[in-house]
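**Q** I would like the atomic coordinates for the input below:
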Amino acid sequence: MIRLFVALALPEAIRAHLAGLGGGVPGASWTPPDNFHLTLRFVGDVDQGVAAEIDTALTTVEAPGWVFWLEGVGHFGNGAKPRVLWAGVRPNPALDHLHLKIESALVRVGLAPEARRYAPHITLARLHNPDADRVGRFLGERALFQAGPIAADRFTLFESCNGRHGPIYRPLQDYPLTNPPPAV
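**A** Numbering: from 1, shown residues only. Okay, the predicted model is just below:
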């Protein structure tokens, strides 16, 4: 079995900027900078045959490139029990379009449709019994966070492998977008 997801890789400068947001929340497991990405579709565990079908399906996805910005921070989970800290993505119709094209391609391969509403974000940390006041302070101090512009000229199929200190994300295949934006 192989654990897969489809995402936009982030440039090194943006990953460094995101890493600079970390700290100040006891009980947080901070995402290593090399693991920062913008998930387009989580796939999960599949066998090698299905992985090959996914790769073939993703080669058929056609969408234009675009430029996007990261904006704001937030959390998943309720206010008293937050589970994840994230950096947001400024709303972008091109991102929504690509997400839907990928979703459609993967459903045609036989994957179940994603049940959750797509909420584009970059995971900054997973939380384990955090102090709600510290989380609130973290969010308040970083509320005006922005990073970009970021050129989206391809998307990537990643494998998630277990490592000694958490998951390691390995790019397996890139899929170019049409009409890539100029370098930013």
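**Q** so how far is the longest strand seen in the chain off the chain centroid?
**A** With secondary structure taken from DSSP state E, the chain has its longest strand at strand 66-78. Remark: strand 66-78 is offset 10 Å from the chain centroid, using Cα atoms, centre = their mean, to the nearest Å.
**Q** and it, C-alpha only, in CSV?
**A** Coordinates of each C-alpha in strand 66-78 appear next as CSV, following Å, rounded to 0.1, in the frame of the first residue of the first chain:
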residue,chain,number,x,y,z
TRP,A,66,-2.2,31.2,-11.9
VAL,A,67,-0.8,33.3,-9.0
PHE,A,68,-2.1,33.0,-5.4
TRP,A,69,-1.5,34.5,-2.0
LEU,A,70,-1.5,33.0,1.5
GLU,A,71,-3.5,35.1,3.9
GLY,A,72,-4.5,34.9,7.6
VAL,A,73,-4.2,32.1,10.1
GLY,A,74,-6.9,30.0,11.8
HIS,A,75,-7.6,26.6,13.4
PHE,A,76,-9.7,23.5,12.9
GLY,A,77,-11.6,22.2,15.9
ASN,A,78,-13.8,24.1,18.2
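**Q** neighbouring contacts of that strand?
**A** With contact meaning Cβ atoms under 8 Å, 6 or more residues apart in numbering, strand 66-78 is reached by 14, 18, 21, 82-90, 92, 94-95, 121-122, 124, 127, 135, 138-139, 142-152, 177, 181, 184. Placement of C-beta: from N, CA and C, glycine included.
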